[in-house]
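Colleague: show me how the following folds:
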Amino acid sequence: MKYLLLVGDGMGDYPIQELRNRTPLEAAHTPAMDYIAQHGELGLVRTIPKGMEPGSDVANLSLLGYAPSEHYTGRGPIEAASLGVKLNPEDVAFRCNLVTLKRQGDHLFMVDYSAGHISTEEGRTLIQDLAEAIPSEKIKLYPGIGYRHLLVWKGGPEGIKTYPPHDFIGRDVSEAWQVYEEEPVLRDFLYQAMAFLERHPINHRRRQEGKPVANSLWPWGQGRAPRLEPFSERYGLRGAIVAAVDLIKGLGICAGLEIINVPGATGYLDTNYRGKAEAALEALHGAYDFVFLHVEAPDEASHEGLLEEKIRAIESIDREVVKVVLEGMADFEAYKIMVATDHLTPISLKTHASVPVPFAIYDSRDPGIKRIQGFNEKAAKEAGVFYQTGEGLMAHFIEKERAKDEA
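Modeller: Next up is the predicted model:
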């Protein structure tokens, strides 16, 4: 038995007046996802436990079959695992964005949470040069992908309240920045970084080209190293992860899953959709029984408020990922495919929402036709199937007891 879980990050949304009060999932042309819903099981799942922030870290940890309330320690340490950064017990790891800030009088505004989706080459150069220019015994920087990097604070506090920069696009962040002002070690480092980045040749060139400059660091999502029971022991399956972003790769590493890197997978709208699908199929034809395939593109479009791009990303996932794996997995005698979104990222909010999300499961052993219009939020609610936790959904999807018996 082979299992494939496809996650379209942030695909879910609220009805939009411009779309005649439909969501992007309803408006998009998605015959492959609709086929899975119409020939399988459709429903809703709560991926964000009540009282927790609706981050991709929490939501994907939940979909992977681990209870966030028991296992989640922060986004930073998960991304540290992806970058191969070993954390000591006293270390606190922060996700660290390169952002564009603008000061107006006494106020500080978030112009761009990604510094104009700065390239990986530019981002790595800025972080590496910054680490060399401002050596610190307590704070270390590690380059990641694009605007996404890592800051590790030796002996730092994990209980301070930080905020995701994508929650403040175009807004005053003076109050959110105040947390850094109250931590002298971090405050001094960040202000030194601002001065350095302001005069860096890469930002000088970006100004001339009319692009947003990466003029500040924004640390958030901090925590100490988590401990997860290996997926193979928990669910009795040998698994792999196909993803572009460090967060998802880090979750896989923490869970003992193999990380499969795909050329051209960017974590943005220009990602290699088909390459991810083909890599997942190759893994399942090889030594793996379970693959978690993640696509970031719809979430990025949502954070930027790009409705047409979000619909285009959803359609690309359907055409280049879901359709490809549906056709490819027909080679197996028995298989199950689940399509899900980790959380809603409403265009109207430009950030995440905590409501339950749609999922659909296709079982090759029982491809019955249901009276369902397709894969979307409204149809999933009307289906009347609801899982209180991602852990419960995962156990249902892979038939946990049977998986253990077969292992």
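
Colleague: quick one, phi/psi of the most centrally placed residue in the chain?
Modeller: Geometric centre of the chain, nearest residue: residue 56, 4.5 Å, by CA atoms, centre = their mean. The phi and psi values for residue 56, taken as degrees, to the nearest 10, are phi -60, psi -30.

Colleague: the chain should start at 29 in everything you say after this.
Modeller: Happy to do that; since the first residue is 29 now, the last one works out to residue 84.

Colleague: can you tell me how far it is from residue 75?
Modeller: Distance from residue 84 to residue 75, counting by CB to CB, to the nearest Å: 10 Å. Where C-beta positions appear, they are placed from N, C-alpha and C, glycine not excepted.

Colleague: joint contacts of these two?
Modeller: Common contact partners of residue 84 and residue 75 (CB atoms under 8 Å, 6 or more residues apart in numbering): 370, 371.

Colleague: output the lowest mean pLDDT helix or strand found in the protein.
Modeller: Every helix and strand of the chain was ranked by mean pLDDT, DSSP states H and E. The lowest is helix 428-434, at a mean of 46.

Colleague: may I have the distance across stretch 76-91, first residue to last?
Modeller: Start and end residues of stretch 76-91 are separated by 10 Å (CA to CA, to the nearest Å).

Colleague: could you tell me which residues within the lengthiest strand in the chain count as buried?
Modeller: Using DSSP state E to define each element, the chain has its longest strand at strand 119-132. Using 16 or more other CB atoms under 10 Å as the test for burial, strand 119-132 gives 119, 120, 121, 122, 123, 124, 125, 126, 127, 128, 129.

Colleague: just stretch 204-217 next, same as before
Modeller: Under the neighbour-count criterion of 16+ other CB under 10 Å, stretch 204-217 has 204, 205, 207, 208, 211, 213, 214, 217 buried.

Colleague: out of these, which are inside helices?
Modeller: If you go by DSSP state H, those have 204, 205, 207, 208, 213, 214, 217 in helices.

Colleague: for the record, mean pLDDT for the helix or strand just after the longest strand of the chain?
Modeller: Counting by DSSP states H and E, the next helix or strand C-terminal to strand 119-132 is strand 135-140. Average pLDDT, strand 135-140: 96.

Colleague: ok, stretch 307-318 next?
Modeller: Taken as a whole, stretch 307-318 has an average pLDDT of 97.

Colleague: now the residue of the chain positioned farthest from its centre: how far from residue 159?
Modeller: Distance to the chain centre peaks in the chain at residue 133, reaching 34.8 Å (criterion: CA atoms, centre = their mean). Per CB to CB, residue 133 is found 32 Å from residue 159.

Colleague: next: residue 90.
Modeller: For residue 90, the distance to residue 159 equals 34 Å [CB to CB].

Colleague: tell me which of these two has more neighbours.
Modeller: Using other CB atoms under 10 Å as the criterion, residue 90 and residue 159 rank with residue 90 on top: 29 against 18.

Colleague: thought that one was touching residue 75?
Modeller: Yes. Using CB atoms under 8 Å, residue 90 is in contact with residue 75, at 4.3 Å.

Colleague: overlap in contacts of the two?
Modeller: Any residue near both residue 90 and residue 75 by CB under 8 Å, 6+ apart counts here, and that gives 370, 418.

Colleague: which residue packs closest to residue 195, ignoring adjacent ones?
Modeller: Leaving aside its sequence neighbours, residue 195 sits nearest to residue 379 (CB to CB, 6 or more residues apart in numbering; 4.7 Å).

Colleague: what is the burial count for the one you found?
Modeller: Neighbour tally, residue 379, other CB under 10 Å: 21.

Colleague: good, we can wrap up now.
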